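K.L.:
Build the 3D model from these lines:
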Amino acid sequence: MSNTVSAYDVAVIGAGSAGLQAAQTLGRMHQRTVVLGTDRYRNDPATHMHNFLGHDGEPPAELRAAARKDAEQYADVELRDIEVLSVTGKLGAFSLALADGGAVTARRVLLATGVRDTLPDVPGVSEEFGDLVAHCPFCHGHEFAGRRVGVIGTHAHLGMFVSMLLPITSDVVVLTGGEPLDAGAAEALDRLGIPVVADPMSGVRRTDDGLTVDLDGAPAVELGGLFVKTDWTQAVSFPADLGAEMSEVGAVVVDAFGRTSVPGVYAAGDLAAGPGLPMPMASVLAAASAGLLAAAACVQDAAAARLT
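P.N.:
Next up is the predicted model:
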C-alpha cells in the first residue's frame, strides 16, 4: 500500500480513446499529466471497431495499445493502471484517492470515465453483443449489409433508427418482446412498411447463417444480425460528486471544449454531451476528438490563469 501523494497539472481519469488522446495532447504541451485507468472499457465486447479514420476493422485493444505507446513517449505523461475511488477538491487543488491507498493531487481533472451499458433482458443477447448483436448502425451496420436484420425496441425513436438501416439491409423486422410500442414509432414503422413481431422472446442463439430469435408461442425469426437499444448510466459517480451539471438523460453537460460547470473539471467521451447534442455521440473517433478538445481547454485555461 502506497500513501505517496504526487502533484500534477492534470489528472486524466480513464484510459480509453478519450483519455489517451487527452494525454497525448497534454504531453505535447508539456503539462505534467497522470492517466489513471483500469482494464474495463465500454467496447470490450466488440471484436472489431469501425468508422474510425485509418483504423477501420481493427480490434479496439490494438488501438488502445498504440495510443498508450504514443502517449508514453512524452516525458510529462505518466500512465498508471489503477482505479480511482473518489475525487474531491477544487480548481488548483483536487485530490484523487486510489485503490492502493495512495492519492494524487492535480490542478485540473479530466474525466474520461465513460458509461456502462445495460442490455435487454433476453437470453443470448449479452453473449453475442459486440458481434452479431450491436447497438450502433454507424459502427456495425455495414457488417449486416444485404441481410435481414432485427431491431429489439419499443422507444419513440425506433422509426428513425429503422429508417437509417433500410439502405443497408435487405429487410428489417422489429421485435417488441411483448411490450407496447410507442404510438409515434408504430405510425412510423407502418409508413415504412416494417413488420412488427409482438411476441415475447425466449432467447437469441447463433446459427451457421446468423442468429435465431426464439419466440414464446410463435415461429422463430431468422436474422443476419440484431440491433438493440442499451440503457446506459455513468460508469462512476465522480461527475455528480463534484457537482457537475447533468442533462436530462444523465450525461455530463459540457461546452464545446469539454468544460463542465465545475471550474477545473473537464469531461470527454461517452459520458458527456456538448452544445446542441441531446445525448453523447457514442463513437471511438468522437471520443478521441473530445479528448483532444478537453485537453486543449486545460492548456488554454492554465495559460489564461498565468495572465491574471
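K.L.:
What is the longest helix anywhere in the chain packed up against?
P.N.:
Counting residues, the longest helix in the chain under DSSP state H turns out to be helix 284-306. If contacts are counted by 3 or more C-beta pairs under 8 Å, 6 or more residues apart in numbering; DSSP states H and E, helix 284-306 sits against strand 5-13, helix 17-28, strand 103-111, strand 265-267. The way it works is simple: take the backbone N, C-alpha and C, and place the C-beta from them, glycine included.
K.L.:
Alpha carbons of that helix, as CSV, please.
P.N.:
Written as CSV, here are the backbone C-alpha positions of helix 284-306 (Å, rounded to 0.1, in the frame of the first residue of the first chain):
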residue,chain,number,x,y,z
VAL,A,284,-14.4,5.9,-30.6
LEU,A,285,-13.4,8.6,-33.0
ALA,A,286,-15.7,11.2,-31.5
ALA,A,287,-14.4,10.3,-28.0
ALA,A,288,-10.8,10.8,-29.1
SER,A,289,-11.7,14.1,-30.7
ALA,A,290,-13.4,15.2,-27.5
GLY,A,291,-10.3,14.2,-25.5
LEU,A,292,-8.2,16.4,-27.7
LEU,A,293,-10.5,19.4,-27.2
ALA,A,294,-10.8,18.9,-23.5
ALA,A,295,-7.0,18.7,-23.2
ALA,A,296,-6.7,21.9,-25.2
ALA,A,297,-9.1,23.6,-22.8
CYS,A,298,-6.9,22.6,-19.9
VAL,A,299,-3.9,24.1,-21.6
GLN,A,300,-5.8,27.3,-22.6
ASP,A,301,-7.2,27.8,-19.1
ALA,A,302,-3.8,27.3,-17.4
ALA,A,303,-2.3,29.8,-19.8
ALA,A,304,-5.1,32.3,-19.1
ALA,A,305,-4.6,31.9,-15.4
ARG,A,306,-0.9,32.9,-15.7
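K.L.:
what residue lies at the spatial centre of the chain?
P.N.:
Computing the C-alpha centroid of the chain and ranking residues by C-alpha atoms, centre = their mean puts residue 270 first, at 3.8 Å.
K.L.:
give me every residue that touches that residue.
P.N.:
18, 42, 114-115, 232, 280, 282, 287 (C-beta atoms under 8 Å, 6 or more residues apart in numbering).
K.L.:
Could I get the residues you listed in JSON lines, plus columns for distance to residue 245?
P.N.:
Formatted as JSON lines, these follow (distance: C-beta to C-beta, whole Å):
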{"residue": "18", "distance to residue 245": "19"}
{"residue": "42", "distance to residue 245": "22"}
{"residue": "114", "distance to residue 245": "18"}
{"residue": "115", "distance to residue 245": "17"}
{"residue": "232", "distance to residue 245": "18"}
{"residue": "280", "distance to residue 245": "14"}
{"residue": "282", "distance to residue 245": "20"}
{"residue": "287", "distance to residue 245": "20"}
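K.L.:
Could I get the contacting residues of residue 297?
P.N.:
The contact partners of residue 297, by C-beta under 8 Å, 6+ apart, come to 257-259, 266.
K.L.:
Residue 36: which of the residues you listed is nearest?
P.N.:
Within these, proximity to residue 36 (C-beta to C-beta) peaks at residue 266, which comes in at 14.6 Å.
K.L.:
what pairs with the closest one across the strands?
P.N.:
As for beta bridges, residue 266 partners with residue 110, residue 259 under DSSP bridges.
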